[in-house]
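Engineer: 3D, please:
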Amino acid sequence: MKVTQHIENANGKPLFSFEIVPPQKGSNIKDLYENIDPLMEFKPPFIDVTTSREEYVYIEKDGLFDRRITRMRPGTVGICASIQHKYGVDAIPHVLCGGFTKEETEYLLVDCHYLGIDNLVALRGDPMKGEKYFEPTKGGNNYAVDLVKQIKAMNSGRFLHDTLPMQNAPDFCIGVAGYPEKHIEAPSLEADLKRLKEKVDAGADYIVTQMFFDNQRYFKFVEAARAIGINVPIIPGIKPVAVKRHLQLLPQVFWLDMPQDLIHSIEQAKDNTAVRQIGVEFAVQQSKELIEFGVPFVHYYSMGKSDNIHQIASQVF
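Structural biologist: Residues are numbered from 1 along each chain as shown. The predicted structure follows:
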């Protein structure tokens, strides 16, 4: 079922969803299931599965180093198929511009269609590890809006090199990313919202936001989006703070602000166990305020660990 259909069927009731990260290559998928299992109590209509960028590795051979490209966390589409089979819920793969040619993207979309995957999140993707700026893959889509257009074209039976009559054409529901505190590369929030509207006008069906800690930023973001004609659902993304290092890491990586009261509580915490509990309590209050605002979902970034997400959901849903 499409994400938009889940929202319609909920009749205003807020829903719970979360995002997971594929295990590292060589790891056991059972560890992933063990983190998903406890969260199924809250009946998530969908689970997002991230896709990692490729990265360079250096392999020594005869005293020389050969540079190769690899993916440390492959298997996104396979994990989605497994989740749908095992749990009977929708699984949503992240589809990236970076690291994929348009042809490779087309093959991935065909696989998703055959596997009964109805939803996709279309993202440009981050720069490769070790690179400061995003560089489009040769023969790939440059921006998320281009990827949205390719997906919408396939929904109409238009492939890259031909148009085919399809008895069972895909009808992917397309999610895109939104940034309440603007994308790190955007010159302003207004400019970033214009790019977001381009994605919606190209065919995006819903928006999931990057994590934020100040709900007022989300409320103002939604208001500004509506003011320029963005009318699709905007799902807030929440990540509970888990370790003291997040005070430096999260603002640096995601270009966000943290409320002073949260900063003070974390700085005063005696250890990371205390920080994790602070993160849970803050996310509970944040989630409750968002639900009072009328959000369709609260979407949690789990990073593969479910214990704190379970604590939050048990007090919110």
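Engineer: my guess is Asn141 meets Gly99, correct?
Structural biologist: No: Asn141 is not in contact with Gly99 according to CB atoms under 8 Å; the separation is 10.8 Å. (Each C-beta comes from the backbone N, C-alpha and C, glycine too.)
Engineer: burial measure for Ile29, as a count.
Structural biologist: By the criterion of other CB atoms under 10 Å, Ile29 has 14 neighbours.
Engineer: can you count the residues close to the residue lying closest to it once chain neighbours are set aside?
Structural biologist: Take Ile29 and drop its neighbours on the chain: the residue closest to it by CB to CB, 6 or more residues apart in numbering is Pro23, 6.1 Å away. Look at Pro23: counted by other CB under 10 Å, it has 19 neighbours.
Engineer: what do you get for the one 4 residues further on?
Structural biologist: For Ser27, the tally of surrounding residues (other CB under 10 Å) stands at 11.
Engineer: go on, His299?
Structural biologist: 23.
Engineer: assumed it was part of a helix.
Structural biologist: No: the assignment for His299, made by DSSP: H, G, I helix; E, B strand; the rest coil, is strand rather than a helix.
Engineer: let me know whether it touches Pro233 as I believe.
Structural biologist: No: if you go by CB under 8 Å, His299 and Pro233 don't touch, sitting 11.0 Å apart.
Engineer: now do the same contact list for Gly237.
Structural biologist: Shown in contact with Gly237 (CB atoms under 8 Å, 6 or more residues apart in numbering): 19, 208-212, 299-301.
Engineer: in three-state terms, label it for me.
Structural biologist: strand.
Engineer: buried ones in stretch 152-167, by neighbour count?
Structural biologist: 152-155, 158 (16 or more other CB atoms under 10 Å).
Engineer: ok, stretch 127-139 next?
Structural biologist: Buried-residue list, stretch 127-139, by 16+ other CB under 10 Å: 128, 134, 137.
Engineer: for the record, mean pLDDT for that stretch?
Structural biologist: Looking at stretch 127-139 alone, the average pLDDT works out to 87.
Engineer: with just CA atoms, put it into CSV.
Structural biologist: Presented in CSV, the C-alpha positions along stretch 127-139 are these (Å, rounded to 0.1, in the frame of the first residue of the first chain):
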residue,chain,number,x,y,z
PRO,A,127,29.2,13.1,-1.4
MET,A,128,31.4,10.0,-1.4
LYS,A,129,33.4,9.5,1.7
GLY,A,130,36.5,11.7,1.5
GLU,A,131,34.9,14.1,-1.0
LYS,A,132,33.8,17.6,0.1
TYR,A,133,31.1,18.1,-2.5
PHE,A,134,28.6,15.9,-4.3
GLU,A,135,29.7,14.9,-7.8
PRO,A,136,27.1,13.4,-10.1
THR,A,137,27.8,9.9,-11.3
LYS,A,138,28.6,9.8,-15.1
GLY,A,139,25.3,8.8,-16.8
